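A.B. asks: Sequence and predicted structure below; questions after.
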Amino acid sequence: MKNFIETYDNTLTKKECEYITDYMNTDNKLEPGTVASGIKPHLKDSWDYTLNFDDTDTKVNRIILESLCDCLDLYVNKHPQLKQIPKWRYHPFYNLQKYNPNQAYHSLHCENTGYTSEVKRGMAWMFYLNTVTDGGGTYFDNYDLTIDAVEGRGVLWPAYWTHMHKGIVSKTETKYIATGWVSFTR
């Protein structure tokens, strides 16, 4: 049976990943990560920076958007039913996230919880920006599946309760990701 979790290796180059992580770590961009109810480190303990793909003059946006569109094409080709669903596209806002040792998105969650009527998330995406060998991956509990954090790896999956997931703590290494959503549009 399909789990609809797809991984795409080498979607970002080492140089692109280093550029993005350097960008994240300059000018005090990072702020404590939040969940829908605010800053809750027992649920999500991270450092985040939100970007908007519509801000086209940002090199980081261009790098990530190009790779995301390539991954979406591959995903739709593998799951052509998505061609029958009208009006969806990548959501313009996304996050760059840094997880220091012992930090993670600790809580099982899915990306479409119905909290807001303005955003209808259909899929989630993530790019690992560095390799973490001591934990650091993402665990999908319904499939007992761990996706390892490998530099340049892209991952796409449905945003619903069927795909509850959480981060895996690394006690010794920092993890960097870019993550966002594919949403239905009006």
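C.D. replies: Okay, I see it.
A.B. asks: worst-scoring helix or strand of the chain, pLDDT-wise?
C.D. replies: strand 88-90 (a mean of 91; mean pLDDT, DSSP states H and E).
A.B. asks: Show me which positions of it end up buried.
C.D. replies: Going by neighbour count (16 or more other CB atoms under 10 Å), the buried part of strand 88-90 is 88, 90. Yep, even glycine has a C-beta here, placed from its N, CA and C like the rest.
A.B. asks: contact partners of that strand?
C.D. replies: 53, 65, 68-69, 72, 82, 122, 125, 180-185 (CB atoms under 8 Å, 6 or more residues apart in numbering).
A.B. asks: low pLDDT regions in this protein?
C.D. replies: Low-confidence segments of the chain, defined by pLDDT under 70: 114-119.
A.B. asks: Check it for me, the residue farthest from its geometric middle.
C.D. replies: Farthest-out residue of the chain from its mean C-alpha position, per CA atoms, centre = their mean: residue 84, at 24.5 Å.
A.B. asks: Return the list of helices and strands in contact with the biggest helix by length in the chain.
C.D. replies: Within the chain, and with DSSP state H defining each element, the longest helix by residue count is helix 59-78. Applying 3 or more CB pairs under 8 Å, 6 or more residues apart in numbering; DSSP states H and E, we find helix 59-78 packed against strand 6-8, helix 14-24, strand 47-52, strand 88-90, strand 120-128, strand 154-158, strand 175-184.
A.B. asks: Nice, that's everything, thank you.
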